[in-house]
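[1] Let me see the structure of the following:
(chains A and B)
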2 protein chains.
Amino acid sequence: MHYERDPHEIYRQSWETVRAEVRLAHLPSDLHEVAIRMVHACGMTDVPNRLAWSDDVAAAARGALASGAPILCDAEMVASGIVRARLPAGNDVICTLNDPAVAPLAAEIGNTRSAAAVRLWRDRLAGAVVVIGNAPTALFHLLELMDEGWPRPAAIIGLPVGFVGAAESKAALCADPRGVPFITLRGRRGGSAMAAAAVNALAAGLEAPR
Amino acid sequence: MHYERDPHEIYRQSWETVRAEVRLAHLPSDLHEVAIRMVHACGMTDVPNRLAWSDDVAAAARGALASGAPILCDAEMVASGIVRARLPAGNDVICTLNDPAVAPLAAEIGNTRSAAAVRLWRDRLAGAVVVIGNAPTALFHLLELMDEGWPRPAAIIGLPVGFVGAAESKAALCADPRGVPFITLRGRRGGSAMAAAAVNALAAGLEAPR
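    Okay, here's the model as predicted:
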């Protein structure tokens, strides 16, 4: 069968195609690679058109990662997609969703397991990079906890996906990010692959292809 | 903040929205839940319009899972998204991509690491459920190996994503699935979340929401 087998050539052609099709001019230059990687992760070149961000998010996230900040993820798939070898400081990648404390905590606070899992981030939250690639309730609850005075992360990569609360939670982040640098994708789309791709781009720029 | 916190209500509203917006009538009834879960995983209701499948794929995959077949995944993110507790027979979920044999094997065969990883499936491939949610070269190489006489899996869930080979590898699967039941999504879209969602739907029908 005829197909491209050379990983470097796959990489080159992929980026060439993405760059030929995406609109990036509206983005800060330090988010171009982030946008390109997000597009590459989902196969949809219109993703940059729906991004929303604060201009300081790339610098804030890169600075936090360089100084060893942990990466707090709402889902195991997000954590699984982050390329550990590319992290600049052996950063911890943490997902608390399957902690045994989560289910009783969810019942106690009357919220989802994903929201309860955010509460277990408390001791690591200050200066962390938060990556939400699944659950709208995790993003909503993080905003609530910041309003209660919880520590601020260095940056929020807010990419929950779906039909109930995803668009709304991301709109809430855009409307009032509580002073925290952020990037998000308006609407229903998002997900763990895009979220991990954003982290990988922020951590290290372009990396070797799959 | 006002948002839905009850997981059962999130689940109900999500499925209600998806069902109100998707077209399913062209699909076999035993693929409706698969399509709905794939839509739910990515937030895009047009996904069913681009699905391609063999009519026996749901029965073949469910039968294989019920009889304890392993699930062979091309990427750790796919494996990470499969809900173990819903598998009917404690099925093994296997990803060989990070096996130490893969890098030298890739160099030897002149292909990607993802393609080389498929070769490590050989002893488990007969009757397995194959799930490709990332790499076009994994799907291309699997088709090549079947042409060389390698064992046939019970079903192929073929959902590689991206700009080089994704659409082409899925078109090759549709054009000649080598007698293996399959489901795929034409075009560039796909990915680990959709792939894991398809497995979760096939394994257990609807499950508790996040």
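
[2] which ones are touching A:Ala107?
    Listed by Cβ atoms under 8 Å, 6 or more residues apart in numbering or on different chains, the contact set of A:Ala107 is empty. The way it works is simple: take the backbone N, C-alpha and C, and place the C-beta from them, glycine included.

[3] so which strand or helix has it?
    helix A:102-109 (DSSP states H and E).

[4] Okay, buried residues for stretch A:9-19 please.
    For stretch A:9-19, a neighbour-count test (16 or more other Cβ atoms under 10 Å in any protein chain shown) marks A:Ile10, A:Tyr11, A:Gln13, A:Ser14, A:Trp15, A:Thr17, A:Val18 as buried.

[5] max-length helix in chain A?
    Counting residues, the longest helix found in chain A (DSSP state H) is helix A:7-21.

[6] okay, the buried residues of stretch A:9-19 in TSV with pLDDT and distance to B:Val57 next?
    Shown next, in TSV, are the buried residues of stretch A:9-19 (pLDDT from 0 to 100; distance: Cβ to Cβ, whole Å):
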residue	pLDDT	distance to B:Val57
A:Ile10	97	28
A:Tyr11	92	32
A:Gln13	97	31
A:Ser14	96	29
A:Trp15	94	34
A:Thr17	97	30
A:Val18	97	31
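
[7] Which ones among those residues also lie next to chain B?
    Restricting those to those within reach of chain B (Cβ under 8 Å from any Cβ of the partner chain) leaves A:Ile10, A:Gln13, A:Ser14, A:Thr17, A:Val18.

[8] okay but the fourth one is in contact with B:Phe163, surely?
    Spelled out, that is A:Thr17. Yes - A:Thr17 is in contact with B:Phe163 according to Cβ atoms under 8 Å; the separation is 4.3 Å.

[9] now the strands: where do they sit in chain A?
    In chain A, the strands defined using DSSP state E lie at A:51-53, A:71-73, A:93-95, A:129-132, A:155-158, A:182-185.

[10] all helices of chain A, in order?
    Secondary structure of chain A (DSSP H): helices located at A:7-21, A:32-42, A:57-66, A:76-81, A:102-109, A:113-119, A:136-147, A:166-175, A:192-204.

[11] Tabulate those helices (TSV), appending distance to B:Leu51.
    Shown next, in TSV, are the helices of chain A (distance: least, Cβ to Cβ, whole Å):
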stretch	distance to B:Leu51
helix A:7-21	24
helix A:32-42	17
helix A:57-66	36
helix A:76-81	22
helix A:102-109	34
helix A:113-119	28
helix A:136-147	26
helix A:166-175	22
helix A:192-204	19
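
[12] of all those, which lies closest to B:Val102?
    Evaluated over the helices of chain A, closeness to B:Val102 peaks at helix A:7-21, with 12.2 Å, by Cβ to Cβ.

[13] and the gap between A:Asp123 and B:Leu125?
    45 Å (Cβ to Cβ, to the nearest Å).

[14] So which of these two has more stuff around it?
    More crowded of A:Asp123 and B:Leu125, by other Cβ atoms under 10 Å in any protein chain shown: B:Leu125, with 21 against 8.

[15] check contacts around that one.
    B:Leu72, B:Trp150, B:Pro151, B:Arg152, B:Pro153.

[16] Pull up the gap between it and chain A, please.
    Distance of B:Leu125 to chain A, given as Cβ to the nearest Cβ, to the nearest Å: 18 Å.

[17] Give me the pLDDT for A:Ala103.
    At A:Ala103, the pLDDT value in this model is 98.

[18] got JSON lines for the strands of chain A, with mean neighbour count, mean pLDDT and distance to B:Ala172 too?
    JSON lines is the format used below for those (neighbours: other Cβ atoms under 10 Å in any protein chain shown; pLDDT from 0 to 100; distance: least, Cβ to Cβ, whole Å):
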{"stretch": "strand A:51-53", "mean neighbour count": "18", "mean pLDDT": "98", "distance to B:Ala172": "33"}
{"stretch": "strand A:71-73", "mean neighbour count": "29", "mean pLDDT": "98", "distance to B:Ala172": "35"}
{"stretch": "strand A:93-95", "mean neighbour count": "19", "mean pLDDT": "98", "distance to B:Ala172": "35"}
{"stretch": "strand A:129-132", "mean neighbour count": "28", "mean pLDDT": "98", "distance to B:Ala172": "35"}
{"stretch": "strand A:155-158", "mean neighbour count": "30", "mean pLDDT": "98", "distance to B:Ala172": "35"}
{"stretch": "strand A:182-185", "mean neighbour count": "26", "mean pLDDT": "98", "distance to B:Ala172": "31"}
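
[19] Redo the ones you listed as JSON lines? Include distance to chain B.
    Putting the strands of chain A into JSON lines (distance: least, Cβ to the nearest Cβ, whole Å) gives the following:
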{"stretch": "strand A:51-53", "distance to chain B": "15"}
{"stretch": "strand A:71-73", "distance to chain B": "11"}
{"stretch": "strand A:93-95", "distance to chain B": "10"}
{"stretch": "strand A:129-132", "distance to chain B": "12"}
{"stretch": "strand A:155-158", "distance to chain B": "14"}
{"stretch": "strand A:182-185", "distance to chain B": "10"}
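
[20] Pipe the ones you listed into JSON lines and attach distance to B:Gly187 per row.
    Formatted as JSON lines, these follow (distance: least, Cβ to Cβ, whole Å):
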{"stretch": "strand A:51-53", "distance to B:Gly187": "22"}
{"stretch": "strand A:71-73", "distance to B:Gly187": "28"}
{"stretch": "strand A:93-95", "distance to B:Gly187": "31"}
{"stretch": "strand A:129-132", "distance to B:Gly187": "27"}
{"stretch": "strand A:155-158", "distance to B:Gly187": "26"}
{"stretch": "strand A:182-185", "distance to B:Gly187": "20"}
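
[21] what stretches of chain A score poorly on pLDDT?
    A:205-210 (pLDDT under 70).

[22] ok, now how distant is the nearest residue to A:Ala135 once chain neighbours are set aside from A:Leu159?
    The spatial neighbour of A:Ala135 that comes closest, neighbours along the chain excluded (Cβ to Cβ, 6 or more residues apart in numbering or on different chains), is A:Ser114 at 3.4 Å. Remark: distance between A:Ser114 and A:Leu159 (Cβ to Cβ) = 13 Å.

[23] Give the residues shared as contacts by these two.
    Between them, A:Ser114 and A:Leu159 share no contacting residue under Cβ under 8 Å, 6+ apart.

[24] Next up, the contacts around A:Asn134.
    Counting by Cβ under 8 Å, 6+ apart, A:Asn134 touches A:Asp74, A:Ala75, A:Met77, A:Val78, A:Ser114, A:Pro160, A:Val161, A:Gly191, A:Ser192, B:Arg210.

[25] Just flag the most distant two among these.
    Pairwise distances across these peak at 13.9 Å for A:Ser114 and A:Gly191 (criterion: Cβ to Cβ).
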